[in-house]
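A.B. asks: Any chance you could fold what I've pasted below:
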Amino acid sequence: MALKIDHSCINAAISKAEETTSGEITCIIKSKPLDYPETPLMWATATALIGPVIMALMGVWPQDWLIHLIPSAAIEWQSAHGQQEFYNRLETIGLYGLVQVILFAIVYGLVTIPKVRLALTPGSIKRKRAHKKAMEQFMARGLHLTKARTGVMIFCALEEHFVDVIADEGIYSKVDHKVWDETVAALISHIKRDDLTGGFEAAVIKSGEVLSAHFPPDAVNLNELPDVLIEI
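C.D. replies: Next comes the predicted model:
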């Protein structure tokens, strides 16, 4: 599904903001969820370990509903050779393991569904992964290579509900961190109203004001980076 966002409006906002500063602003939005391969494994393993214990506490024993899987001839042979107790224990262990395998497979399959996987991934992991993606994009888009190290990136991972503003060292050291928090808050408030375009415009305007206050335009105000919203 296409995003409800106006690239031209945001691109124009970036261009206008950069007219008053030598700094550079880049906007990036990731509409699809990040990958969390550990989530299905984590949930499937936990369920396989804990599930049979919970079933036992509820009085549901694997041999009660899996015993029919063992051939009757094998059971008769066990009784005939006087080894019923030994094989009963072996049978219980085997059925316990079988239950674990079944639970693991079912839960793993369910949690690989993208929406389920995203919902079951802990928020701390999602924030960490989204911040890592933001840093990767900051480097990949060359914001750390501007002449005065004044690149600012506004990043949004939509499915993770994550927004971040990353400023290069040239501007970061001169601005109170509360300013970037306010920029993030401005974008988030618009996203909650389903207004991505307005959110990015507000964040760009705020970033432009900060940059122009500390880094006014040079005599020849070179545009070092494209003035466009990037979808990844």
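A.B. asks: which residues does the most centrally placed residue in the chain contact?
C.D. replies: Nearest to the geometric centre of the chain sits residue 126, at 3.7 Å (CA atoms, centre = their mean). The contact partners of residue 126, by CB atoms under 8 Å, 6 or more residues apart in numbering, come to 34, 36, 118, 160, 162. In short, each C-beta sits where N, CA and C put it, glycine included.
A.B. asks: CA atoms only for stretch 153-160, dumped as CSV, please.
C.D. replies: Taking C-alpha atoms only, stretch 153-160 is exported to CSV below (Å, rounded to 0.1, in the frame of the first residue of the first chain):
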residue,chain,number,x,y,z
MET,A,153,18.7,13.5,9.2
ILE,A,154,15.0,13.1,10.1
PHE,A,155,14.2,9.4,10.2
CYS,A,156,10.9,7.6,10.7
ALA,A,157,10.4,3.8,10.9
LEU,A,158,6.7,3.8,10.5
GLU,A,159,5.7,0.3,11.6
GLU,A,160,8.0,0.5,14.7
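A.B. asks: Give me the contact list for that stretch.
C.D. replies: 3, 25-34, 118, 126-127, 129-130, 133-134, 137-138, 141, 143, 162-167, 183, 187, 191, 196, 199-200, 203-204, 207.
A.B. asks: Narrow those residues to those that are buried.
C.D. replies: 25-30, 33-34, 118, 126, 129-130, 133-134, 137-138, 141, 143, 162-167, 183, 187, 191, 196, 199-200, 203-204, 207 (16 or more other CB atoms under 10 Å).
A.B. asks: I'd like to know which of those residues are part of helices.
C.D. replies: Among those, the members falling in helices (DSSP state H) are 118, 126, 129-130, 133-134, 137-138, 183, 187, 191, 196, 199-200, 203-204, 207.
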